[in-house]
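**Student:** Any chance you could fold what I've pasted below:
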Amino acid sequence: MRDGTGLHTTRREELSARRAELRERARRRRRRGLFILLAILVLLGAVFGGGAYFLGSYFFTDDFDGPGEGDAVVRVLDGDSTRQIATMLARRGVVASPEAFTEAAAENAAIRSVQPGYYQVKLKMSGEAAVGAILDPASRVGRMEVRGGVQLDDTRSPDGTVTPGVLSLISSATCAQLNGARTCVSVDDLRNTMATADPASLGVPPWAVEDVTRAEPRRRFEGLVVPGLYDVAPGTPAAEVWKSVLGVSVARLATNGLGGDENRNGLSSYQLLVLSSLAEKEGITPDMPKVARAIVNRLAGERRLELDSTVNYPLDLQALRTTAEARGTAGPYNSYQNTGLPPTPIAAPGKAAIAAALDPEPGPWEYFVRCQTDGTSCFATTLPEHQENVRKAIANGAF
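**Tutor:** Purely as a prediction, here's the structure:
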């Protein structure tokens, strides 16, 4: 059967179905193309967006503006690299990012000479300002130096000169100006903590705990803080300050050969520390081994030491020659009246004094006197020899 076009009905239906199929295929291709286009756009967005972020991070470092605000105390550790310092500063909120500091530091060779210790800085500083603060000596806080012969307490000389003691030195080192207020651990707080706390809990070594516990509370730590530089964290309680200081000092004592169960010339480690302090106060460095020997010899003979340095120790005003009144005043440190060593050290002993106590120079001396104006001592075996040395010392203006 044919229709008006001359085509069979069946043929016409086949063509219609074919055209419908082609239209559906075209529609599916367009839809797939749209999906592909959208995927490409998403991928390009990620690529260009990530690239923009990378480029922005590379060329535009996250940084604060200006000198900063508020106050903070930060610590540079021994051996820290510039990157490690930068990371620490970023973690503390001093700089916005480690790169802010490292990029500013790269332009200043002095950054490689930064010393370990505590520094007072601002929060939210620019990298450049932070580098300047770390390199500024005025930013350094918490540093103190203990010299040989210094006592726990301040002392006065006849000319009025005041020598700050270990307690005053520590107290000053704990001071910092934080957010407009000056904070310090006071001398009284340090003294009270020393007198009342368990010595071992504050870092007193086992070989000294028994003697320290037995000592007069206000003199317990005499001699345990040896000469050298210390870094103290401002703003920390007195107990933590003592732990920090004693931790460093005890390690130095061990390095110098003092500590443990050694017994030399019949003396324990603590007694050797006491002997070291006597050598420190009584002789100049070249004479210390002989001074130590003379003291050991007198101890062995159970003779009184008769040292002006021990008589001077508890006095606020200290002179080279003690008075008859002072020598006649009873007390645990009066070696004109007592035999044996004093109950504690009488000062901070240096490395040379400790070495002298550990290894005194061999010899028979039992007497010595300062006989030269430069501090040199003359040594004697007998009392008449000593009396002659005293006459020479007076004639030389040394005694």
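**Student:** Report the buried residues of the host helix or strand of V390.
**Tutor:** Using DSSP states H and E, the element containing V390 is helix 383-395. Within helix 383-395, the residues that qualify as buried are H386, N389, V390, A393, counting by 16 or more other CB atoms under 10 Å. Backbone N, C-alpha and C define where each C-beta goes, glycine included.
**Student:** same deal with stretch 174-194?
**Tutor:** Here stretch 174-194 shows T174, C175, A176, L178, V185, V187, D189, L190, R191, T193, M194 as buried, counting by 16+ other CB under 10 Å.
**Student:** With respect to P67, which of these is nearest?
**Tutor:** L178 (16.2 Å; CB to CB).
**Student:** so R143 touches L229, yeah?
**Tutor:** Yes - if you go by CB atoms under 8 Å, R143 and L229 touch, sitting 6.6 Å apart.
**Student:** These two: who's more crowded?
**Tutor:** Between R143 and L229, counted using other CB atoms under 10 Å, the more crowded position is R143 (14 against 11).
**Student:** Could you check how far the more buried one is from A380?
**Tutor:** Distance, R143 to A380, by CB to CB, to the nearest Å: 44 Å.
**Student:** quick check: mean pLDDT across stretch 209-221?
**Tutor:** Averaging pLDDT along stretch 209-221 gives 96.
**Student:** For it, C-alpha coordinates in PDB please.
**Tutor:** Extracted in PDB, the C-alpha atoms of stretch 209-221 (Å, rounded to 0.1, in the frame of the first residue of the first chain):
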ATOM      1  CA  VAL A 209      71.800  17.000 100.800                       C
ATOM      2  CA  GLU A 210      72.700  15.900 104.400                       C
ATOM      3  CA  ASP A 211      75.100  18.700 105.100                       C
ATOM      4  CA  VAL A 212      72.800  21.300 103.400                       C
ATOM      5  CA  THR A 213      69.800  20.100 105.500                       C
ATOM      6  CA  ARG A 214      71.900  20.400 108.700                       C
ATOM      7  CA  ALA A 215      73.200  23.900 107.900                       C
ATOM      8  CA  GLU A 216      71.700  27.200 109.100                       C
ATOM      9  CA  PRO A 217      68.700  27.600 106.800                       C
ATOM     10  CA  ARG A 218      69.600  31.100 105.600                       C
ATOM     11  CA  ARG A 219      73.100  29.800 104.600                       C
ATOM     12  CA  ARG A 220      72.100  26.500 103.100                       C
ATOM     13  CA  PHE A 221      73.100  27.000  99.500                       C
END
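**Student:** Provide the contact partners of that stretch at residue level.
**Tutor:** Contacts to stretch 209-221, defined as CB atoms under 8 Å, 6 or more residues apart in numbering, come from residues 152, 166, 191, 194-196, 199-200, 204, 222, 224, 242, 246, 270, 332, 343-344.
**Student:** what's the distance between that stretch and the middle of its chain?
**Tutor:** Between the centre of stretch 209-221 and the centre of its chain there are 24 Å (CA atoms, centre = their mean, to the nearest Å).
**Student:** Would you mark the buried spots in that stretch?
**Tutor:** D211, V212, A215, R219, R220, F221.
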